[in-house]
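J.: sequence plus predicted model, see below.
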Amino acid sequence: MSSIWRINVENQTLVIEEIPETWMHLGGRGLLARILLDEVLPTCEPLGPYNKLIFSPGLLVGHMLSSCDRISIGAKSPLTQGIKESNAGGSTGMQLTLLGIKALIIEGKPEKDGLSILHLTKDGIRFEPAGNLEGTGVQSAAELLFSRFHQRVAIALIGPAGEMKLAAAGIQNLDKDRVPARIAARGGLGAVMAAKGIKALVLDATGGQKAPIAHSDEFRTAQKRFTKALMEHPQSKIYADYGTAALSRISQGFGALPTRNFSSGQFEGMETISGEYMRQTILDRGGEGETTHACMAGCTIRCSNRFADTSGKTIVSPLEYETIGLMGSNLGIDNLDSIARMNHVVNDLGLDSIEIGAALGVAAEAGLMSFGDGKAALDLLEQIRLGTPLGRVLGNGAAITGRVFGVSRVPVVKGQAISAYEPRAIKGTGVTYATSPQGADHTCGLTIRAKVNHLDPKGQADLSRTIQINNAGYDTLGACLFAGFGFAASPESIRDLLNSRYDWHVGTDILQVLGREALKLEREFNSRAGFTAADDRLPEFMKIEPLPPFDAVFDVPDQDLDNIFNW
Amino acid sequence: MIHIQVHLHTVLQLQTPQGLVSKLQYQCQDNCSIAQLMADLNIVYDPSDLLLVANGQAITKDYILSESDEIHFIPAISGG
């Protein structure tokens, strides 16, 4: 039977609680929203004592169901000042479930300065001084933790950026190969973790047990059906061979590839940052490079990769489309090695590559670097590592950078940077960026796959609504969004998996039921935090500045945006 | 005859002795449809399994090509 673990960082105590009735049917994003609304004052200071940092595995996590072991991490965001859920693959979700933890709630504020390692086992918790881990990059910190504990632990940790409490700091998690590169990136949760005085959570599930399954045979049958649907879906093979980087050419085709601080939707250097070029480069270089890689044990999609240099040594794992977009075309950089090196640096600092890529784009517009200059971009990242005033400006994201340097073309919503789908060219995604309670977040409702005219403002709100509901549901399940095409091909699977695991009696609409509940809770939190309809808008420049090559502006009516959650 | 540009994505890219071909300058008959173009290029996919894009907009297999059209054939991928 799982439980709620409540940890107070002021007196370093653990209380294990029964799960409240209203929390029982939730997990992941939905449970985070419920807890935050129930327990956190929405007007609190994000880095203050009343905010809470919560880790919650999704409802399906814990039995190596392919692509369904994600961890949701949440709090009030220091970046958006609203509710924030950020999820990641890797091993944290599975380990929490093995420890019998439905939600880990970290609350209070430490009495003393300095950071701790918070060690969790089935027997309880222990705080240890972080010692020589303070100020250490994520990779080195993970190695130190392996030698301090052992190789089989899961780790969620912050880098120097989190320690500096920068609003673009995330929380890194280990992938199945123990590389700390699965980041819960968006919204500054790394800063919240530092405010709680924690450098790393070390999860040791030795002696732990898999979560019980109420009806094992039915669960296995549903699991097999879902896995088969996922493996047979044509998208799985594309993702395995090309990863998310295949989106470079697709976005280019729609005029939606952010280029030079969102000033154009096509990039003349796209070819050498495309998924096809990346795949060939990895194959040609050999060595440690891998075109396909799983971040979670048991995942059959394996969309991740390992990008190596010319000698075959790993530069970064993975190299994903969002980073290629925001640190590539958005900076006018057409070289995968440059992008990979920047990615390695932000990973080690524990930073959101989308937010930092957008901040660098704004910085380039302000004249701090030239577009296309990879070395200059790396030099600016070094400023962040050094914690200089300039570095701290950049590390707090695109909105702050734009404010400090007087730039008006700043691609943010609710203070969070827009990701690598230009909303003027993919208007349904623009609706998601504008209206999602999470701020500009493509994972909340990406519409590029829909067979619609993305340039026509009509119908985009309806499309975004449907996908936002579904994706909030997947986030509550702990499912990778790419598992969605397996579930779409086998629609009864979610119902059957939940009913057999928990002895529930839900219907085939359970995904949407969970999604709507999560969104409703999130919107309520944000409303109480002071958000209004005025916050559900794209930046002004996107309404008035035509985007080449198709001269698109964002012209979805405000009324459509305001009615999107009226279902 | 009309002249168009064709972009091939991921698994549709053509393997040639010079490497993978992702972009073609192509000449086709007047009133040629996307379905016909797919047949001419030996793209053996069901059109419903592809995202078909012309000049930045999603189209169907019945779309009739025009001079200077820029066409993308995109196998299934949902995002990243």
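T.: Thanks, I have it.
J.: need the three-state assignment for A:I117.
T.: Under DSSP: H, G, I helix; E, B strand; the rest coil, the three-state class of A:I117 is strand.
J.: find the nearest non-adjacent residue to it, please.
T.: Counting by Cβ to Cβ, 6 or more residues apart in numbering or on different chains, the nearest residue to A:I117 once its immediate chain neighbours are dropped is A:E128, at 4.6 Å. Yep, even glycine has a C-beta here, placed from its N, CA and C like the rest.
J.: near chain B, which residues of the stretch 251-400 of chain A are found?
T.: Selection of the stretch 251-400 of chain A residues close to chain B by Cβ under 8 Å from any Cβ of the partner chain yields A:253-255, A:271, A:274-276, A:280, A:303, A:320-322.
J.: if we can go back for a sec, tell me, how many neighbours does the residue nearest to A:I117 end up with?
T.: 15 (other Cβ atoms under 10 Å in any protein chain shown).
J.: buried residues in stretch A:209-226?
T.: A:211, A:213, A:219, A:222-223, A:225-226 (16 or more other Cβ atoms under 10 Å in any protein chain shown).
J.: now, these that are in strands?
T.: Using DSSP state E, no member of those sits in strands.
J.: buried ones in the helix or strand A:E128 falls within?
T.: A:E128 belongs to strand A:124-129 when assigned by DSSP states H and E. Neighbour-count burial for strand A:124-129 flags A:F127 (criterion: 16+ other Cβ under 10 Å).
J.: report the beta-bridge partners for the closest residue to A:S91 other than its chain neighbours.
T.: Of all residues not flanking A:S91 in the chain, A:A154 sits nearest, at 4.3 Å (Cβ to Cβ, 6+ apart). On DSSP bridges, the residues paired with A:A154 through beta bridges are A:L203.
J.: contacting residues around the residue nearest to A:I117?
T.: A:116-117, A:119 (Cβ atoms under 8 Å, 6 or more residues apart in numbering or on different chains).
J.: and the pLDDT for it?
T.: Reading off the confidence values, A:E128 has pLDDT 97.
J.: where's the dip in pLDDT among the residues of the stretch 251-400 of chain A next to chain B?
T.: Comparing these by pLDDT, A:C303 comes last, at 75.
J.: on the three-state scheme, the most centrally placed residue in chain B is what?
T.: By Cα atoms, centre = their mean, chain B has its centre lying nearest to B:F73, at 4.2 Å. Here B:F73 is recorded as strand under three-state DSSP.
J.: ends of stretch B:50-61, how far apart?
T.: 10 Å (Cα to Cα, to the nearest Å).
J.: how far does the lowest-mean-pLDDT helix or strand in chain B sit from its chain's centre?
T.: Least confident element among the helices and strands of chain B, by mean pLDDT, DSSP states H and E: strand B:14-16 (a mean of 75). From the chain centre to the centre of strand B:14-16 is a distance of 15 Å (Cα atoms, centre = their mean, to the nearest Å).
J.: who are the packing partners of the following helix or strand past that strand?
T.: Using DSSP H and E, the next helix or strand after strand B:14-16 towards the C-terminus is strand B:19-21. Packing partners of strand B:19-21 (3 or more Cβ pairs under 8 Å, 6 or more residues apart in numbering or on different chains; DSSP states H and E): helix A:275-285, strand B:14-16.
J.: how about a cut-off of 10 Å?
T.: Helices and strands touching strand B:19-21, by 3 or more Cβ pairs under 10 Å, 6 or more residues apart in numbering or on different chains; DSSP states H and E, are helix A:275-285, strand B:2-8, strand B:14-16.
J.: residues in contact with it?
T.: A:276-277, A:279-280, B:6, B:8, B:10, B:12-15 (Cβ atoms under 10 Å, 6 or more residues apart in numbering or on different chains).
J.: partner strands of that strand, with direction?
T.: strand B:14-16 (antiparallel).
J.: quick one: low-confidence ranges for chain B?
T.: Chain B contains residues with pLDDT under 70 at B:76-80.
J.: where does it come near chain A, residue by residue?
T.: By the rule Cβ under 10 Å from any Cβ of the partner chain, the part of chain B lying against chain A is B:7-13, B:19-20, B:22-23, B:45-46, B:48-60, B:70-80.
J.: can I get the buried ones among those as something I can paste into ChimeraX?
T.: To isolate the buried members of the residues of chain B next to chain A in ChimeraX, using 16+ other Cβ under 10 Å:
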select /B:7,8,9,10,12,13,22,50,51,52,53,54,55,56,57,58,59,71,72,73,74,75,76,77,78,79,80
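J.: picking up where we left off before, would you turn the contacts of strand B:19-21 into TSV with distance to A:T292?
T.: Formatted as TSV, the contacts of strand B:19-21 follow (distance: Cβ to Cβ, whole Å):
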residue	distance to A:T292
A:E276	14
A:Y277	16
A:R279	9
A:Q280	14
B:V6	27
B:L8	21
B:T10	13
B:L12	19
B:Q13	18
B:L14	22
B:Q15	19
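J.: quick one: which of those residues is nearest to A:T97?
T.: A:R279 (33.9 Å; Cβ to Cβ).
J.: which residues touch the closest one?
T.: Residues counted as contacts of A:R279 (Cβ under 10 Å, 6+ apart) are A:241-243, A:245-246, A:289, A:291-292, A:305, B:10, B:20.
J.: make it 8 Å
T.: Counting by Cβ under 8 Å, 6+ apart, A:R279 makes contact with A:241-243, A:245, A:291.
J.: now, the residues you listed that are in helices?
T.: Members of these lying in helices (criterion: DSSP state H): A:241-242.
J.: distance of the residue nearest to A:S91 relative to A:I71?
T.: Distance of A:A154 to A:I71, given as Cβ to Cβ, to the nearest Å: 9 Å.
J.: who touches both of the two?
T.: Contacts common to A:A154 and A:I71, judged by Cβ under 8 Å, 6+ apart, are A:90, A:92, A:96, A:173.
J.: host element of the nearest residue to A:V404 once chain neighbours are set aside?
T.: Using Cβ to Cβ, 6+ apart and skipping the chain neighbours, the partner closest in space to A:V404 is A:V393 (5.1 Å). Using DSSP H and E, A:V393 sits in helix A:389-395.
J.: who are the packing partners of that helix?
T.: Partner elements for helix A:389-395 (3+ Cβ pairs under 8 Å, 6+ apart): helix A:353-365, helix A:374-386, helix A:398-405.
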